[in-house]
Structure formats: C-alpha cells, structure tokens
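Visitor: Any chance you can model this:
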Amino acid sequence: MPSETASTATPAAATPVSGGGIAGRYAGALIALADDRIAADHSVLDRLAGDVAKLLAQLKGDANFRRFVADPRPPATTQAKVLADVATRLGLDPLSANFLRVLAANRRLSQLPAVLAAFEAQLAAKRGQVAAEVTTATALSDPQRAALTASLIQAGHANVRLVEKVDPALLGGLVVKIGSRLYDNSVRTKLQRLTYAMKDGAMKGAA
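Guide: Below is the predicted model of the structure:
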C-alpha cells in the first residue's frame with residue numbers, strides 16, 4: 001500500500017490506475033498485495049472485492065460512518081480503533097483490515113470512498129469487465145439486480161459490472177449506460193416524450 005509514513009507495498013506496474021491520483025495508487029497497491037498472495041490463496045481477490053462491497057454499503061447506509069471517515073480531526077490512533085471495530089463487525093479479511101489501518105496511519109482516511117471506487121474499477125478492468133452504469137429512482141433490490149444482469153447477458157453484455165446510482169428525479173424505470181450506449185427507460189423520459197407528442201398533436205390540430 002502506498003505510504004507516506006510507512007511502506008508496505010507499491011502498486012504493480014501492470015495494474016491500471018483508475019483516475020490516477022492518491023485513490024488510484026492506494027487501490028492499485030491493494031490489488032498488488034492480493035496478486036502477491038494469489039498463488040497460495042486463489043480466492044483472495046474475491047474476498048477483497050466482497051470487503052470493498054461491504055465497506056461501500058456501510059458508507060452508503062451509515063451517515064455517522066461517512067462523517068467519521070470525512071473528518072480529518074481525530075488522531076490516527078482513534079481512527080485505527082474505530083476502523084478495527086468496523087472490520088470486526090463486518091467480518092473483513094485481515095488484509096482489508098490492515099489496509100484500513102494504513103489509510104488511518106497515513107492520514108488518508110478521507111480518501112476511503114474514492115479508494116474503494118478505484119479498487120472496483122481496477123479489478124473490473126483486470127478481469128476484463130465492462131461497467132454498466134445503472135441509474136434508478138430507488139435502490140435496486142437483489143431480485144431486480146439479478147433480473148437486470150440476466151437481461152444484459154441476454155442482450156450480449158456477458159461480462160458487465162453494475163455501477164448503481166440513485167436519482168429520484170427519474171420517477172421510475174431505469175437508465176443504463178454501457179460505454180457510449182445509453183438505454184433510457186425512465187418514467188421521466190416517457191413523460192417527456194408523451195408531453196412532446198401531445199404538444200405536437202395540439203399544434204397539428206390547430207393548424
């Protein structure tokens with residue numbers, strides 16, 4: 001992991017750095033550490049990916065944790081203790097727990113959300129996955145997520161990774177973006193189309 005106060009590892013040269021910067025370097029370093037162990041532990045990357053998902057869910061669902069992560073004022077020892085408790089409660093792999101301690105020791109805890117996002121992006125690129133950005137009015141349920149994944153596979157997108165966003169302004173439905181392709185099936189867009197069609201019909205009727 002990158003270090004300003006202590007050195008534990010450096011990112012592998014072959015590891016893509018999503019967005020570069022501090023977050024990309026830390027994410028790349030974590031993947032590099034997993035690569036060093038993968039010969040003896042084939043599931044290490046899968047466990048780290050699961051831990052990253054748990055931490056992202058914790059950040060999303062716990063406002064107190066988000067505020068704690070963003071607050072630079074607590075000393076590193078206090079941050080490390082809280083993070084150790086979180087790691088234990090979430091059942092994180094020791095490698096993930098140690099990674100959190102390094103972030104705290106290097107005073108980079110505020111970068112955690114960006115590091116987690118960079119890790120997911122780098123791991124997806126490493127596995128040849130394509131990101132499918134899915135925006136919905138409310139968070140997807142597990143059955144909805146499974147159905148959407150199945151639909152994408154049926155449409156020829158066999159190796160996609162869902163990147164989920166919530167935008168209540170959509171009102172319902174969903175918008176899916178894969179590369180340069182955009183599939184808009186939101187209620188908002190349907191209402192806009194209906195409004196345009198009604199206006200066009202009214203104008204033709206008045207002509």
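Visitor: contacts, neighbours, all on C-alpha from now
Guide: OK.
Visitor: what about V44, neighbour count?
Guide: Neighbours of V44 under the rule other C-alpha atoms under 10 Å: 20.
Visitor: domain ranges for the chain?
Guide: 21-126, 130-206 (automatic domain parsing).
Visitor: Let me see the mean pLDDT of the last one.
Guide: Read that as domain 130-206. For domain 130-206, the mean per-residue pLDDT is 85.
Visitor: Give me whichever of the domains of the chain is most buried.
Guide: domain 21-126 (a mean of 17; mean count of other C-alpha atoms under 10 Å).
Visitor: how far out from the middle of the chain is stretch 187-200?
Guide: Centroid separation for stretch 187-200 versus its chain: 33 Å, with C-alpha atoms, centre = their mean, to the nearest Å.
Visitor: so the nearest residue to A139 once chain neighbours are set aside bridges to which residues?
Guide: Computed as C-alpha to C-alpha, 6 or more residues apart in numbering, the closest residue to A139 that is not its neighbour in sequence is V166, at 6.1 Å. Beta-bridge partners for V166, by DSSP bridges, are T136.
Visitor: Which residues are in contact with V166?
Guide: Contacts for V166 (C-alpha atoms under 8 Å, 6 or more residues apart in numbering) come out as 135-139.
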